[in-house]
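> Okay, sequence plus prediction incoming.
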Amino acid sequence: MTLSTPVLFAAYTVFSVAGMLIVKRVAPALKSAWASGESVIQPALLVGTGAGLYVLGFSLWMIILARTPLTVAYPVAVGLTMVFSFVGAVVVLGESLSWQAILGSLLVFAGIALLARA
């Protein structure tokens, strides 16, 4: 069974963004546990999980590159990861939300839609 290109882009985005969010969320706890001499096993496993998801996303990226022209693949992948990283940062990390960021995200999606039709 061969996965369709949109499914590959979706999986790439999910794995890459989830990996980044996990590392960003847990790395301070790992640093704190290390500095205080506490057990680093749990935060290290979580950071490793995030890194593993990111590597899986990179593997999917290699498959996408083999199937899709770079002029389409790169802007779509970067756009998707930018938008979903922004959404994830707001939802998971509690970062601030602004109308400029929302407008920018909508413009990125509009650009992705235009590229997908090219």
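Thanks, I have it. Residues are numbered from 1 along each chain as shown.
> Let me see the ranges of the helices in this structure.
5-36, 41-67, 70-91, 99-117 (DSSP state H).
> which phi and psi does the residue of the chain most remote from its centre have?
Here the centre of the chain is the reference, and by CA atoms, centre = their mean the most remote residue is G37, at 31.2 Å. Phi and psi for G37, reported as degrees, to the nearest 10, are phi 80, psi 10.
> dump the residue contacts of it.
By CB atoms under 8 Å, 6 or more residues apart in numbering, the contact set of G37 is empty. All C-beta atoms are positioned from the backbone trio N, CA, C, and that covers glycine.
> Distance of it relative to V26?
18 Å (CB to CB, to the nearest Å).
> repeat for A11
22 Å.
> Likewise for V78?
Applying CB to CB to V78 and V26 gives a distance of 25 Å.
> With neighbour numbers in mind, choose between the two.
Using other CB atoms under 10 Å as the criterion, V78 and V26 rank with V26 on top: 19 against 12.
> Spatially, what comes nearest to the more buried one if we skip its sequence neighbours?
Once flanking residues are discounted, V26 sits nearest to L46: 4.3 Å by CB to CB, 6 or more residues apart in numbering.
> and the one you found, how many residues sit next to it?
17.
> In contact with it, which residues are there?
Here L46 is in contact with I22, V26, L30 (CB under 8 Å, 6+ apart).
> List just the nearest of those residues to V90.
I22 (15.9 Å; CB to CB).
> Surely that closest one is in contact with V47?
Yes - judged on CB atoms under 8 Å, I22 makes contact with V47 at a distance of 7.3 Å.
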